[in-house]
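Novice: Provide a 3D model corresponding to the input given below.
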Amino acid sequence: MTIRFLLYLILLVYLLVLGLIRFKKLTLPFQILTVLIACTLVSEIISRILINVFKNSSPVYHVFNIVNFTGYALIYYFLLQSRLSRKVILLLIAGAVCFSVFNTIFLQSLWSFPSNFLLILCFLNIYCALLLFRQMLHDDEEIDILRQSVFWFNCAVLLFYTAIFLNWSFYNYLVRNKFNTKTISTIMYYLNIAYYIVVGISIHINNRKAVPVKQ
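Specialist: A predicted model of the protein is given here:
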């Protein structure tokens, strides 16, 4: 286990503990986010075990990507107020699960990294983040935007998943042109750390009493 990976796990544990301590104070979307962080932590530990045993951690991501997408979809389901947007999200969850199974059986086997589904996950998260920003622009929210947990969370999702989408979209091209993949990995690692730090900020300032959620 590398020091970088250990620091990443420590950050996830910290966020999970923070979320659990504040769980009753969190709005429903951030309670779901806390559960999603727990799933992320478990999947990362399992992936490390698979690497040590089978030299391949891809199987865990075939399962975790579905969990990950469903978690984010539910978060945005409760953050978005439009009935149409909510119906679309429910359809996206069903469609994404079906595609993931199809991808595993016919396109990218259990022992291949499911990059096809990851690209779709990124695109849908970006789409939901843009929808939420549009909603926020029309909200008459009196609270300073920098004190809104939803703003921090949504910024993190939009920037992070845009970076992942661009990374995997051009990854094969960069490899063919002998671009230093270590540089890519390093950049994505620090983006990952920055993402979870911002997510931690959003969990820290989220408060059920201050931010009512329409269900």
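
Novice: pLDDT weak spots in the chain?
Specialist: Within the chain, the ranges that satisfy pLDDT under 70 run 141, 209-215.

Novice: hmm, 50 instead?
Specialist: Within the chain, the stretches with pLDDT under 50 are 212-215.

Novice: I'd like to know how many residues surround residue 61.
Specialist: 21 (other C-beta atoms under 10 Å). C-beta coordinates here come from the backbone N, C-alpha and C atoms, glycine included.

Novice: tell me how far it lies from residue 186.
Specialist: To residue 186, residue 61 is 20 Å away according to C-beta to C-beta, to the nearest Å.

Novice: same question for residue 119.
Specialist: 21 Å.

Novice: neighbour count: these two, which is higher?
Specialist: Between residue 119 and residue 186, counting by other C-beta under 10 Å, residue 119 is the more crowded of the two (15 against 12).

Novice: just the element for the more buried one, please.
Specialist: Secondary structure from DSSP states H and E places residue 119 in helix 115-138.

Novice: contacting residues around that helix?
Specialist: For helix 115-138, the external contacting residues (C-beta atoms under 8 Å, 6 or more residues apart in numbering) are 61-62, 65-66, 68-69, 72-73, 76, 79-82, 85, 89, 92, 96, 99-100, 103, 107-108, 145, 150-151, 154, 157-158, 161-162, 164-165, 168-169, 171.

Novice: all helices of the protein, in order?
Specialist: Assigned helices in the chain, in chain order: 3-21, 28-54, 58-79, 83-102, 115-138, 149-176, 181-205 (criterion: DSSP state H).

Novice: cool, thanks, signing off.
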